[in-house]
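Peer 1: Model the structure of this input:
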Amino acid sequence: MRLFRFIYSIGAFGTLLLAWISPCHAQNGSPQEQSTPTPTPTATPVVFSPQTLADLKRLQQAALSSDYAYRQVAHLADNIGPRLTGSAQAAKAVEYVAGELKAIGCEVQLEKVMVPHWVRGEETAALVQWPGQAKNTTQKIVLCALGGSVATPNDGINAEVITVKNFDELKSMPCDKVAGKIVLFNYPFDKRIAAEGRGGEAYGEAVVYRGDGPSAAAREGAVACLIRSVGGADYRIPHTGQTKYADDAPKIPAGAVTAEDADLIADLARQGPVQMKLVLTPQTLPDVESANVIGDIKGSEHPEQVVIVSGHLDSWDLGTGAIDDGAGVAVSMEAANLIQKLRLKPKRTIRVIAWMNEENGSAGSKQYAKDYEKDWANHFATMETDGGAGHPIGLNIKAKPEVKAMLKPVAAILQESGAGMLALAEHAGADIEPMEKAGVPAFAPIQDSRFYFNYHHTPADTLDKIVPKELAENSAIVAVFAYAMANSEQPLPREVTSGK
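Peer 2: Next up is the predicted model:
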């Protein structure tokens, strides 16, 4: 598609044009009416100048041919590795990203954040009794502890496992059927809707058992809780993630078993009692000082106004955090790198943020909100990339509908790499949620989610899952978005909020 020209940018806002013309001039009048002098209709305001649109095109093409983002995520995933908060790798990642942003000319600051330090210990499980068991045998169960889980006793828990599909089934059981047992929530991830590109929806339906399952089981007297791993690939790999203990329930050990082992246990439990030996020895250590990494390219005309592009730097510890979320950090860094490389001059400040602690507490997001909430009016727009590295098809927009119309010229440029869709959304990102709630227009790339949850939070979240071409396409959408927002000729309309 050829470069948007100024006349086309006006045509794209035909619906807005009506708002600038009084109703009496939106239709033809009679000859007598037309003889009456009338004011000249006000032109549709320019949102993006011809120069900005030309620069966006240059950015897009530069991003598609650059390997900078891939080199960054490769270093984070392979050289540094898993980056759970409190770990030496998380600290090293902060140091590395800060250095790289300084090297490309950003003004860098480290925003101090106190983060949780949970460490995974031994995690083993085996079936020790079940119907049809051969004498003196056990069956290994593949599992992992859920983030934040408390430990079993040192010698483990030996108890019967009961399986339920959902909360309603658990609540319908007599208390004596649950007390003293290990509860397994065997709620399947819906691979059918994930295959339709609705991976986030499938994840949302199943992940509630990871968050709320342990406390629900504990209220009924269970001694431990297991969930079926929340993901789409059945390769006998477990899927971790944070659980959340409720204040009104005892804390019991919590883990995720593979989909295959969940099916095994459920099948055997239908035939008769199943006994499990479970050992989990995680520890919650004192909080550790870490940081959000913030890198600014100062605006030439409105340096006080900020456009954020971001990803989270921490990752779970089973894999190496390539798609979740080394990729999001890398494409945000690439946006700044390309703007500097092309010697572009954003009018507003472009701010790259590598958030710390998105996975198990959102301390980085909360700290930024505490430090900057009085300046939300100067936060022009914000974006988080936290959906992997799959092919992007457009932008999710958490803002007033008018913003979608304003972005049509940008979408037309992005469509050249298949990323021209604009969609209004209810949410754009976990770390930017405080800004969303304060009415700051928020955005996120719409990414191909069909396979993301095959690897997300598993040992398979490694660099080989990233396709360099698709990562470059994500860099293009982030860089184009950042510069478009930084050089918009018009403010973005905001939703009225309480600011809380």
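Peer 1: can you give me the mean pLDDT across the strand ranked longest in the chain?
Peer 2: In the chain, with assignment by DSSP state E, the single longest strand is strand 283-297. On average, the pLDDT along strand 283-297 is 98.
Peer 1: For that strand, buried residues please.
Peer 2: Residues of strand 283-297 classed as buried: 290-297 (neighbour count, 16 or more other Cβ atoms under 10 Å). All C-beta spots, glycine's among them, are computed from the backbone N, C-alpha and C.
Peer 1: for stretch 237-257, same thing?
Peer 2: Across stretch 237-257, burial judged by 16+ other Cβ under 10 Å covers 237-243, 245, 249, 252-257.
Peer 1: so, if you compare those, which one comes nearest to A54?
Peer 2: A54 lies nearest to G241 out of those, by Cβ to Cβ, at 43.8 Å.
Peer 1: tell me the pLDDT at R5?
Peer 2: 30.
Peer 1: For the stretch 301-450 of the chain, which segments are assigned as helices?
Peer 2: Using DSSP state H, counting those that start in this stretch, the helices of the stretch 301-450 of the chain run over 327-341, 363-372, 401-406, 408-414, 433-437.
Peer 1: nearest residue to G200 other than its sequence neighbours?
Peer 2: In this structure, G200 finds its nearest non-sequential neighbour in S449, 5.7 Å apart by Cβ to Cβ, 6 or more residues apart in numbering.
Peer 1: actually V230, not the one I typed
Peer 2: Excluding the flanking residues, the one nearest V230 by Cβ to Cβ, 6+ apart is A206, at 4.6 Å.
Peer 1: Now name the helix or strand holding the one you found.
Peer 2: For A206, the host element (DSSP states H and E) is helix 199-219.
Peer 1: so what secondary structure elements neighbour that helix?
Peer 2: Here helix 199-219 touches helix 167-172, strand 182-185, helix 191-195, strand 224-228, strand 254-257, helix 452-455, going by 3 or more Cβ pairs under 8 Å, 6 or more residues apart in numbering; DSSP states H and E.
Peer 1: which residues touch the residue nearest to the spatial centre of the chain?
Peer 2: Central residue of the chain (Cα atoms, centre = their mean): D386, 3.0 Å from the mean position. Counting by Cβ atoms under 8 Å, 6 or more residues apart in numbering, D386 touches 311-312, 324-325, 328, 358, 429-431, 444.
Peer 1: Against Y452, how distant is it?
Peer 2: In this view, D386 and Y452 are 10 Å apart by Cβ to Cβ, to the nearest Å.
Peer 1: again, but for G295
Peer 2: To Y452, G295 is 27 Å away according to Cβ to Cβ.
Peer 1: so who does V223 touch?
Peer 2: Contacts of V223 by Cβ under 8 Å, 6+ apart are 157, 159, 180-182, 252-253.
Peer 1: How about Y235?
Peer 2: By Cβ under 8 Å, 6+ apart, the residues touching Y235 are A460.
Peer 1: Assumed it was part of a strand.
Peer 2: No. Going by DSSP: H, G, I helix; E, B strand; the rest coil, the assignment for Y235 is coil, not a strand.
Peer 1: pLDDT score assigned to it?
Peer 2: Predicted confidence (pLDDT) for Y235: 92.
Peer 1: Kindly report the same for V496.
Peer 2: For V496, the model assigns a pLDDT of 75.
Peer 1: okay, now it: neighbour count?
Peer 2: Using other Cβ atoms under 10 Å, V496 is surrounded by 7 other residues.
Peer 1: What of V164?
Peer 2: Going by other Cβ under 10 Å, the residues that sit close to V164 add up to 23.
Peer 1: Kindly report the same for the one 4 residues further on.
Peer 2: Using other Cβ under 10 Å, D168 is surrounded by 8 other residues.
Peer 1: measure it to I297 for me?
Peer 2: Counting by Cβ to Cβ - D168 and I297 are separated by 52 Å.
Peer 1: picking up where we left off before, and the residue nearest to V230, what does it touch?
Peer 2: Contacts for A206 were tallied using Cβ under 8 Å, 6+ apart; they are 187-190, 228, 230.
Peer 1: mind running it again at 10 Å?
Peer 2: Counting by Cβ atoms under 10 Å, 6 or more residues apart in numbering, A206 touches 185, 187-190, 227-231, 239, 453.
Peer 1: circling back: list just the nearest of the buried residues of strand 283-297 to A217.
Peer 2: Relative to A217, the closest of the buried residues of strand 283-297 is S290; by Cβ to Cβ it sits at 32.1 Å.
Peer 1: close enough to count as contact, the closest one and N357?
Peer 2: Yes. S290 is in contact with N357 according to Cβ atoms under 10 Å; the separation is 7.1 Å.
Peer 1: I'm done for today, thanks for sticking with me.
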